[in-house]
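[1] Pasting a predicted model and its sequence here:
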Amino acid sequence: MFILITAAFLLVTFRLVTYFSVKHPLTITLIIGLVISSISSISLWLNYKASTGEQDGISISNLISYWIITDSVRWTQELFMDYFIYAMVVTIFTALLIAFTFYFNKQTRIVS
């Protein structure tokens, strides 16, 4: 659910940025996506670290992690780590996409 909401938000952001004629709308949208992905990765990491240790049970420690994991599955430390790994992969992939867009923007400039 969180992924769908984030994707819809990024699509709306892209459309607004293109509507207002910003120079590099894809790069701006990807940077916003990187910020969202980084925040979710950090919150999932904090949730995983809070579940490890000597406690009676595990729980979700912050709101963003709860939006991502929800109550639909049985919570385990492995599940929390899997969600964190998935979020990190998305964050790294988004950072690589930003790097590629910067690289290709520099390559396609026409000097007059």
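    Noted; the coordinates are in hand. Residues are numbered from 1 along each chain as shown.

[2] okay, CA-based contacts and neighbour counts for the rest of this
    Noted.

[3] Let me see the contact set for the most centrally placed residue in the chain.
    Central residue of the chain (Cα atoms, centre = their mean): Ser37, 1.6 Å from the mean position. Residues near Ser37 by Cα atoms under 8 Å, 6 or more residues apart in numbering: Ala87, Met88, Val90, Thr91.

[4] Would you check how far apart it and Leu30 are?
    10 Å (Cα to Cα, to the nearest Å).

[5] Any stretches of this structure with poor pLDDT?
    Filtered on pLDDT under 70, the chain yields the residue ranges 1-2, 107-112.

[6] mind listing the helices for it?
    Listed in chain order, the helices of the chain (DSSP state H) span residues 2-19, 25-51, 63-69, 77-107.

[7] Which of the contacts of Ser37 are buried, as a PyMOL select command?
    Selecting only the buried members of the contacts of Ser37 in PyMOL, with burial defined as 16 or more other Cα atoms under 10 Å, works like this:
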select buried, resi 87+88+90+91
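
[8] Same list as before, the contacts of Ser37 that is, but in CSV and with distance to Leu97 included.
    Formatted as CSV, the contacts of Ser37 follow (distance: Cα to Cα, whole Å):
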residue, distance to Leu97
Ala87, 15
Met88, 14
Val90, 10
Thr91, 10
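
[9] So which of the helices of the chain is the most surrounded?
    Mean neighbour counts were taken over the helices of the chain using mean count of other Cα atoms under 10 Å, and the top value, a mean of 19, falls to helix 25-51.
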